[in-house]
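> The amino acid sequence is not available; the structure is as follows:
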């Protein structure tokens, strides 16, 4: 199945000419993360100041932007719950093995697991193209049209969910943009956040980038087949993860050799089993919650999701 493209490219008259970075439509200006740093022109450090007539004028958009994101996320979560679809948000640095893990999962599961993937990247459909031969539903989301964001936000994920036939799914996995910081800050309607850390990245990363491991539901130490060739201490990686989040389950695995994949498969099976619901149960309640958040189950079975407004970006 060929991947569906959801780039959501704005028209040319919506994009101002800019130099030195990717163009951003007006709706993306002054984007702020939960951590307080701004991703928009005029940002001046954590406070987000810009010059005013008599000095500095403070912009306080952070709470409104994150609240809008969270409303979309709750709508996605309610809709997927109504369909009994378990959703995992895969997060890691670039090259930690997210797509390889998906390939190994699909190869092992075969037709026994009805799985779809939303692929998030700044550019290209390379990862979606790798998964397309498995015959699953794949939707590509590129953030370049929105300024090359380092993460997926809920409004973009909502647009991608709209492309899926949820009646034919047990699992939805969102492969987030490769970044060990920003994706952890955004709720995208997932049931679980899964962080991958490859042995090639070193033992100190959980301590340097603690938010990702603090927010995660599961941690995967990947590429352990490379350990004999590296000066790395896997036990120390695990210890440092637990220093940040003592209760976080940790699985060491290799998508290439297959070592440790059974633990990942068991965890995924448990999550899917816990998510299965009677399609008629609480349908009205879930539909009401989804509608309030801008996501409504359509008669065709595909979600009818309102286009993200400027303030929701």
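Arrived safely, thanks for sending. No experiment lies behind these values; they were computed from the predicted model shown.

> which stretches of the stretch 151-300 of the chain have low pLDDT?
Along the stretch 151-300 of the chain, the parts satisfying pLDDT under 70 run over 277-300.

> so where do the strands sit in it?
Assigned strands in the stretch 151-300 of the chain, in chain order: 171-175, 192-198, 218-222, 250-252, 295-297 (criterion: DSSP state E, counting those that start in this stretch).

> As a markdown table, those strands with mean neighbour count and distance to residue 230 would be great.
C-beta coordinates here come from the backbone N, C-alpha and C atoms, glycine included. A markdown table is the format used below for those (neighbours: other Cβ atoms under 10 Å; distance: least, Cβ to Cβ, whole Å):
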| stretch | mean neighbour count | distance to residue 230 |
| --- | --- | --- |
| strand 171-175 | 26 | 25 |
| strand 192-198 | 25 | 10 |
| strand 218-222 | 24 | 12 |
| strand 250-252 | 19 | 14 |
| strand 295-297 | 21 | 45 |
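
> Rebuild those strands as JSON lines, extending it with distance to residue 102.
Listed next are these as JSON lines, based on distance: least, Cβ to Cβ, whole Å:
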{"stretch": "strand 171-175", "distance to residue 102": "7"}
{"stretch": "strand 192-198", "distance to residue 102": "11"}
{"stretch": "strand 218-222", "distance to residue 102": "12"}
{"stretch": "strand 250-252", "distance to residue 102": "15"}
{"stretch": "strand 295-297", "distance to residue 102": "25"}
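
> And those: which comes nearest residue 157?
strand 171-175 (6.4 Å; Cβ to Cβ).

> Verify the contact between residue 225 and residue 259 for me.
Yes. Look at residue 225 against residue 259 with Cβ atoms under 8 Å: they come within range, at 6.7 Å.

> Between the two, which has more neighbouring residues?
Just comparing residue 225 and residue 259: by other Cβ atoms under 10 Å the higher neighbour count belongs to residue 225, 16 against 13.

> what's near enough to touch the more buried one?
With contacts defined as Cβ atoms under 8 Å, 6 or more residues apart in numbering, residue 225 is in contact with 254, 256-257, 259.

> ok now do the nearest residue in space to residue 217 that is not next to it in sequence, which residues does it touch?
Spatially, and ignoring its direct neighbours in sequence, residue 217 is nearest to residue 192 (3.9 Å; Cβ to Cβ, 6 or more residues apart in numbering). Contact analysis of residue 192 by Cβ under 8 Å, 6+ apart lists 86-89, 217-218, 271.
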